[in-house]
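Q: sequence and predicted structure, then a few things I'm wondering about:
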Amino acid sequence: MSMPIAAVVLAAGKGTRMGSNLHKVLHPLAGRPLLGHLLDTLDTLGVAKRVVVLGSGRYQITQAFPGLNTVLQEPQLGTAHAVRMAEKTLVDFKGTILVLYGDVPLVKTTTMRRLCAVVDSDHSLAVLGFHPEDTRTYGRLVTNADAELESIVEHADATMAQREIGFCNSGIMAVRSDLLWPLLSTVGNDNRKGEYYLTDIVHLARKQGHRIATAVAAEGEVMGVNSQIELQALEQLLAEAVE
């Protein structure tokens with residue numbers, strides 16, 4: 001029997017590269033806000049709970065989506081810190097917690113369900129990967145013969161052999177609720193930006209002996225929007241899909 005699913009959607013970023021006063025996740029894609037696409041998919045998935053983590057420009061989002069369950073990340077100290085903001089809201093939830101991004105709007109219901117399905121008694125955590133045409137800006141998912149994740153290596157830190165790996169990190173994860181909060185509490189910020197990174201929980205979980213699963217998405221599903229050019233690329237992708 002599959003575990004219930006709760007979703008945490010990260011949408012606290014300022015989105016300055018969009019060159020607009022409109023919050024990044026409210027920019028329209030095929031006539032629907034980016035965040036709206038993702039929320040519609042979560043409705044189809046049938047999540048038990050969903051929490052959207054907001055920061056700068058949060059009132060724009062709450063006005064666009066009245067009744068949305070939100071929490072505030074202020075200041076913004078990284079992705080692990082952002083997910084921790086949802087802990088009080090989800091503290092009593094027992095099941096799988098799916099971590100998504102408000103500016104990555106096209107992840108399919110079937111992909112979310114497949115990612116969550118591999119989180120079980122043997123695998124406490126699962127990471128969604130993909131095979132991009134150009135791997136240069138992505139962290140690599142280093143897996144073993146059983147397709148279990150051993151580490152995430154950023155491109156800048158990867159060896160030449162690791163850079164040959166075509167399986168890349170989307171940033172999207174599913175984690176058992178009983179593991180997520182304890183792991184997040186141990187994430188440090190000893191890095192150049194002084195931020196708390198969600199990807200660090202992979203290393204921490206491995207140190208504790210947990211096995212980590214992977215699932216695969218098409219590249220188009222995990223394309224994010226950080227600029228008007230990237231938004232146009234998603235518009236083109238959707239247009240081609242309906243031709």
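A: It's in.

Q: quick one, what contacts residue 226?
A: 15, 17, 18, 24, 103 (Cβ atoms under 8 Å, 6 or more residues apart in numbering). Placement of C-beta: from N, CA and C, glycine included.

Q: least confident pick among those?
A: Lowest pLDDT among these: residue 15, with 80.

Q: ok, that one to residue 170 distance?
A: To residue 170, residue 15 is 19 Å away according to Cβ to Cβ, to the nearest Å.

Q: the more surrounded of these two?
A: Regarding residue 15 and residue 170, a neighbour count based on other Cβ atoms under 10 Å identifies residue 170 as having more, with 27 against 23.

Q: on that earlier part again, greatest separation within the contacts of residue 226: which pair is it?
A: 17 and 103 (10.6 Å; Cβ to Cβ).

Q: between the two, which has more neighbouring residues?
A: Set residue 17 next to residue 103 and count neighbours by other Cβ under 10 Å: residue 103 wins out with 24 against 14.

Q: give the closest residue to the more buried one in space, chain neighbours not counted.
A: residue 225 (4.7 Å; Cβ to Cβ, 6 or more residues apart in numbering).

Q: what's the average pLDDT for the longest helix seen in the chain?
A: Longest helix in the chain, counting residues (DSSP state H): helix 228-242. Averaged across helix 228-242, pLDDT comes to 89.

Q: show me where this protein has helices.
A: Using DSSP H, helices in the chain cover 34-45, 58-64, 79-84, 87-90, 109-117, 160-163, 177-184, 200-207, 228-242.
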